[in-house]
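[1] Here's a sequence, model it:
(5 chains)
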Amino acid sequence: MLLAEVIGTVVASRKEEELEGLRFLVLQPVNKDIKASSKGVVVAVDAVGAGVGEVVLFASGSAARQTSLTKNRPVDAVVMAIVDQVETGGNVHYNK
Amino acid sequence: MLLAEVIGTVVASRKEEELEGLRFLVLQPVNKDIKASSKGVVVAVDAVGAGVGEVVLFASGSAARQTSLTKNRPVDAVVMAIVDQVETGGNVHYNK
Amino acid sequence: MLLAEVIGTVVASRKEEELEGLRFLVLQPVNKDIKASSKGVVVAVDAVGAGVGEVVLFASGSAARQTSLTKNRPVDAVVMAIVDQVETGGNVHYNK
Amino acid sequence: MLLAEVIGTVVASRKEEELEGLRFLVLQPVNKDIKASSKGVVVAVDAVGAGVGEVVLFASGSAARQTSLTKNRPVDAVVMAIVDQVETGGNVHYNK
Amino acid sequence: MLLAEVIGTVVASRKEEELEGLRFLVLQPVNKDIKASSKGVVVAVDAVGAGVGEVVLFASGSAARQTSLTKNRPVDAVVMAIVDQVETGGNVHYNK
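    Numbers count the residues shown, from 1 in each chain, chains lettered A, B, ... in the order given. Presented below is the predicted three-dimensional model:
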């Protein structure tokens, strides 16, 4: 999984029917200091009710279809947890 | 998923028979400002009737075979939504 | 999928028995202008009879096992189409 | 698999219910000299009781769901071994 | 698949039980000239009896579980062939 900040949303009315009802979030992957990493933005399905500004964990690949919401749907990234705290090197770098 | 602009098409008459009837689009991945990102072009199957110039979402990996059109076919990328709007940081960066 | 030029072959006599009879091609991924991209070479199984110098499409990951030739075999890339034409921005960048 | 050093932990109370009880580790991928590589941090599920400071192997993608702990869960990275020794070029670069 | 040189081994006594008996090799991916590429080292399971110094092909992702040795095990990379010869541009770049 990667750490990311939710920075926005995508609206798409014309899409595969299996995608009806899913919410698409724009994610900026972050490094351990919760600063934007060099990776570009990713769009993921929201499975946990995450909001803009929150730090989340997202899973990519076939893992993204292992939630009840996304099963058998053509999606390759899902937000599956909202992060409360990140601790590295004995320091808390993020505390919600 | 990644955001991308449809910039062209690929014609391939000699191919795996499972690929008959599929339309191949050339995609340029874009960043949150809908400008070309540093990622190179990708070729994806069109599952939604997207046209050149449109901004789309595409899914990679096994997700690309989760549409009725692509099931069990040897493809690793599919355009599964045409984007209407991208909003980040309170700003609308794209409005179809 | 990615566009690539077939630039060579790999011979490997000692291998997993599931790989007997497969032909391995060395591919140089190319960008939309059919020039070598910054991605390094990839070795893919040939499912369409592609020859050195031809421009092809190859699929990666589990998609590579969706052809009759590669089913259940330990391969992660397959050439599944020989490209006739690539058109982007209204220009034909490749015409076989 | 990639070599990595465990550098921290992530706490996430609001998450997909399939994730209950899993421990999330922050990993810094390392190169053959066990120095941080240029790859950014990854968050992986701990399947072997790894602690901060230990060098581990982690698997990504669908492989991450092949342990009894992670089966059918929406995770894409798992720590599946704690490294005792890395030897390259006739030199032992790491010895626990 | 990618071309790589076997440069070492990893010993890990504490691991997922599904991993018992597997041999872990440290691989340095190489380019078409069989020189180290810019990709960092990868650790793969040995399915063909490869030794340090040999040039091999390895497969990543779910393909890594398509050998009798690795089936259903949490591994994401496998050495599935030992390379005898690589020929590109009419030149033999490697001959075992």
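[2] Residue A:6 and residue A:54: what is the separation?
    Here residue A:6 is placed at a distance of 5 Å from residue A:54 (Cβ to Cβ, to the nearest Å). Just so you know, the C-beta spots here come from the backbone N, C-alpha and C atoms, and that holds for glycine as well.
[3] Which one's more surrounded, those two?
    A count of neighbours by other Cβ atoms under 10 Å in any protein chain shown puts residue A:6 above the other of residue A:6 and residue A:54, at 22 against 17.
[4] For that one, name its beta-bridge partners.
    Under DSSP bridges, the beta-bridge partners of residue A:6 are residue A:27.
[5] near chain D, which residues of chain A show up?
    A:1-3, A:29, A:31-32, A:37-39, A:47-49, A:57, A:59-64, A:66-67, A:78, A:80-89 (Cβ under 8 Å from any Cβ of the partner chain).
[6] Out of those residues, which are close to chain E?
    Taking Cβ under 8 Å from any Cβ as the test, chain E is in contact with residue A:62 out of the residues of chain A next to chain D.
[7] Pull out the buried residues from the residues of chain A next to chain D.
    Using 16 or more other Cβ atoms under 10 Å in any protein chain shown as the burial test, the residues of chain A next to chain D include A:1-3, A:29, A:31-32, A:37, A:47-48, A:57, A:59-64, A:66-67, A:78, A:80-83, A:85-88 as buried.
[8] that's a helix at residue A:18, yeah?
    Yes. Checked against DSSP: H, G, I helix; E, B strand; the rest coil, residue A:18 lies within a helix.
[9] about what we covered before: in strands, which of the buried ones among the residues of chain A next to chain D appear?
    Counting by DSSP state E, these place A:2-3, A:29, A:57, A:59-60, A:78, A:80-82, A:85-88 in strands.
[10] and which of the residues you listed is nearest chain E?
    residue A:60 (11.9 Å; Cβ to the nearest Cβ).
[11] Could you check how far the closest one is from residue D:66?
    17 Å.
[12] And for residue A:38?
    Applying Cβ to Cβ to residue A:38 and residue D:66 gives a distance of 30 Å.
[13] and if you look at residue A:30?
    Counting by Cβ to Cβ, the gap from residue A:30 to residue D:66 is 28 Å.
[14] same check, this time on residue A:43
    Distance from residue A:43 to residue D:66, by Cβ to Cβ: 27 Å.
[15] do residue A:41 as well
    Distance of residue A:41 to residue D:66, computed by Cβ to Cβ: 30 Å.
[16] Which part of chain A gets nearest to chain C, residue-wise?
    Chain C sits closest to residue A:62 of chain A, with a gap of 7.9 Å, by Cβ to the nearest Cβ.
[17] lowest-confidence helix or strand of chain A?
    strand A:91-95 (a mean of 89; mean pLDDT, DSSP states H and E).
[18] what's that strand packed up against?
    For strand A:91-95, the packing partners by 3 or more Cβ pairs under 8 Å, 6 or more residues apart in numbering or on different chains; DSSP states H and E come out as strand A:85-88.
[19] Kindly state the pLDDT recorded for the residue in chain A positioned nearest to chain E?
    Nearest residue of chain A to chain E, counting by Cβ to the nearest Cβ: residue A:62, 8.0 Å away. For residue A:62, the pLDDT comes out at 97.
[20] what sits against it?
    Each residue near residue A:62 by Cβ atoms under 8 Å, 6 or more residues apart in numbering or on different chains is listed here: B:61-63, C:62, D:61-62, E:62.
[21] 7 Å - rerun?
    Shown in contact with residue A:62 (Cβ atoms under 7 Å, 6 or more residues apart in numbering or on different chains): B:61-62, D:62.
[22] how much space is there between the closest residue to residue A:53 other than its chain neighbours and residue B:90?
    In this structure, residue A:53 finds its nearest non-sequential neighbour in residue A:6, 6.5 Å apart by Cβ to Cβ, 6 or more residues apart in numbering or on different chains. Going from residue A:6 to residue B:90 by Cβ to Cβ gives 13 Å.
[23] Just list the residues touching the residue in chain A that chain B sits nearest to, thanks.
    For chain A, the residue closest to chain B is residue A:8, as judged by Cβ to the nearest Cβ, at 3.1 Å. If you count contacts by Cβ under 7 Å, 6+ apart, residue A:8 has them with A:26, A:52, B:32, B:86-89.
[24] For the spatially most central residue of chain A, give me its contacts.
    Centroid-nearest residue in chain A, with Cα atoms, centre = their mean: residue A:79, separated by 3.5 Å. Residue A:79 sits next to A:25, A:44, A:46-48, A:50, A:56, A:58 when contact means Cβ under 7 Å, 6+ apart.
[25] what are the bridge partners for it, then?
    Here residue A:79, judged by DSSP bridges, has bridge partners residue A:46, residue A:58.
[26] Quick check: residue A:5 touching residue A:57?
    No. Taking Cβ atoms under 7 Å as the definition, residue A:5 is not a contact partner of residue A:57, at 11.5 Å.
[27] Which element, helix or strand, includes the residue of chain A closest to chain B?
    In this assignment (DSSP states H and E), residue A:8 forms part of strand A:2-11.
[28] what is the orientation angle of that strand with strand B:77-82?
    Orientation of strand A:2-11 against strand B:77-82 (axes from the mean of the first three to the mean of the last three Cα atoms, to 10 degrees) gives an angle of 50 degrees.
[29] quick one: is whichever helix or strand comes after strand A:2-11 near chain B?
    Remark: after strand A:2-11, the chain's next helix or strand is strand A:14-15, criterion DSSP H and E. Yes. For strand A:14-15 and chain B, the contact criterion (Cβ under 7 Å from any Cβ of the partner chain) is met by A:14-15.
[30] Show the secondary-structure elements that strand A:14-15 is packed against.
    Other elements packing on strand A:14-15 under the criterion 3 or more Cβ pairs under 7 Å, 6 or more residues apart in numbering or on different chains; DSSP states H and E are strand B:77-82.
[31] related to what we said a few turns ago, any idea how far the residue of chain A closest to chain C is from residue A:90?
    Residue A:62 sits 35 Å away from residue A:90, going by Cβ to Cβ.
[32] One more: residue A:81?
    Remark: distance between residue A:81 and residue A:90 (Cβ to Cβ) = 23 Å.
[33] now residue A:68
    Separation of residue A:68 from residue A:90 (Cβ to Cβ) stands at 37 Å.
[34] try residue A:23
    Counting by Cβ to Cβ - residue A:23 and residue A:90 are separated by 36 Å.
[35] Quick check on those two: which one has the bigger neighbour count.
    Between residue A:23 and residue A:90, counted using other Cβ under 10 Å, residue A:23 has the larger neighbour count: 15 against 8.
[36] Before I go, just wanted to say thanks for your time.
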